[in-house]
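Asker: the following block contains a protein sequence and its predicted model.
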Amino acid sequence: MENIYILTASLVLGLILTPLAIKAAFKFGVLDRPVTHLKKHEHPMPYLGGAAIFISFIIPVVTAKLILNQTPHGVIGIIAGAAIITILGLIDDIRPMGPAVKLLVELLAAGIMIKAGIHIKFIANPFVNNALTILWIVGITNSMNLLDIMDGLAGGVAAVASLAFFFVAMFAGRINDMIPAIALFGAVAGFLFYNRPPAKIYMGDAGSLFLGFMLSALALNESYSKVNLIAVLSPVLILGVPIFDTMLVSLIRIKKGMLPIYGSNDHSSQRLVMMGLSKPQAVLTLVTSTAALSAIAILSTFLSSGEAILLYLGTAAAAVVAAFFIGTVDMTDYHKVHRKKGK
């Protein structure tokens, strides 16, 4: 019953705070202006959606912890790291920063998580665990940032993924992990009401970096299954869409002689548009793919080790095939085609 209250509170806050963020963004000029060829919208868009998501998440989580446990212990590390990442994104939305500065702040947030005891634990060597934790947090944080290029895409993927982490925690009996997962789902769902195509507000880097950080944090649990050890890899499936997109884009840009940190029209969603889908259809395809991968991940927690390995190998093979077909799409005329496909 507590989870229903948390979900309701975060959802209602998202529905209330997002339109307030729209007004504040216009008032203070925090707008995404279409000043480069990578900006596909025609008019300045309010950029404070991330702040609305963050507040809609934090208030129910802290309140729930204080009511249920009389202490915020257990989420302090996540809250501190998430606050730092959100502030980083807000500053970057207002005045873009260089990649080196952003990386340093992300490393700081990852360090806070490790200090709070939230890190990978399935390897005997603590140094390897910490190194993998940093790589995971920084990688997923930036993957969600890269994914956020179409109305409803990053939010839709994050909503499905957070709900998947909630069910994984519920099936594993980890009550404390259920609270931030269901709160994140509600906060993002409230924002999506205004971000669905055609969007009235963008989440900005504050939102995409926050979502990436939170999803990476939700994945850092002690165990995922009492049946097999291989299920520890299930977060890779749940977050398969942003991971797939980041790897595909990085490989394509490197092949072109570009550094992956520099933008180009090479994302999975854009390639789906060039394959004939409208933008909303491309978004729906990737959100649905996240739901399918999440279902596979949850299923793997109930299987034997051998069965889970076969399931993972089959999914990996399908991803390779998808990468081949999507990666070979000719993107030469994307700047002409995208305006015909809807927001």
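Answerer: Noted; the coordinates are in hand.

Asker: from here on, just use CA atoms for contacts and neighbour counts.
Answerer: OK.

Asker: just the CA atoms of stretch 323-338, as PDB, please.
Answerer: Provided in PDB are the C-alpha atoms of stretch 323-338 (Å, rounded to 0.1, in the frame of the first residue of the first chain):
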ATOM      1  CA  ALA A 323      22.700  -3.100 -35.100                       C
ATOM      2  CA  PHE A 324      23.700  -4.400 -38.600                       C
ATOM      3  CA  PHE A 325      20.400  -3.400 -40.200                       C
ATOM      4  CA  ILE A 326      20.000  -0.100 -38.400                       C
ATOM      5  CA  GLY A 327      23.700   0.800 -38.700                       C
ATOM      6  CA  THR A 328      23.700   0.500 -42.500                       C
ATOM      7  CA  VAL A 329      20.800   3.000 -43.000                       C
ATOM      8  CA  ASP A 330      21.800   6.000 -45.200                       C
ATOM      9  CA  MET A 331      21.500   9.100 -43.100                       C
ATOM     10  CA  THR A 332      22.500  11.600 -45.800                       C
ATOM     11  CA  ASP A 333      19.100  13.300 -46.200                       C
ATOM     12  CA  TYR A 334      17.900  13.100 -42.600                       C
ATOM     13  CA  HIS A 335      17.900  16.800 -42.200                       C
ATOM     14  CA  LYS A 336      15.300  16.900 -45.000                       C
ATOM     15  CA  VAL A 337      13.300  13.900 -44.000                       C
ATOM     16  CA  HIS A 338      12.800  14.500 -40.300                       C
END
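
Asker: now for G207: which residues touch it?
Answerer: 49-51, 53-54, 86, 89 (CA atoms under 8 Å, 6 or more residues apart in numbering).

Asker: where's it relative to L48, distance?
Answerer: 8 Å (CA to CA, to the nearest Å).

Asker: how about N265?
Answerer: 24 Å.

Asker: neighbour-wise, which of the two wins?
Answerer: L48 (30 against 17; other CA atoms under 10 Å).

Asker: hmm, the more buried one is touching K200, no?
Answerer: No. With contact defined as CA atoms under 8 Å, L48 does not count as touching K200 (11.0 Å).

Asker: buried ones in the helix or strand S56 falls within?
Answerer: Per DSSP states H and E, S56 falls inside helix 49-69. Going by neighbour count (16 or more other CA atoms under 10 Å), the buried part of helix 49-69 is 49-58, 60-62, 64-65.

Asker: just for the stretch 101-250 of the chain, where's the confidence low?
Answerer: 222-223 (pLDDT under 70).

Asker: how close does I201 sit to G50?
Answerer: Taking CA to CA, one finds I201 at 10 Å from G50.

Asker: hang on, I meant V321
Answerer: Relative to G50, and taking CA to CA, V321 is found at 34 Å.

Asker: over to I78?
Answerer: On the measure of CA to CA, I78 and G50 end up 16 Å apart.

Asker: one step back: so which of the contacts of G207 comes closest to V273?
Answerer: G49 (25.1 Å; CA to CA).
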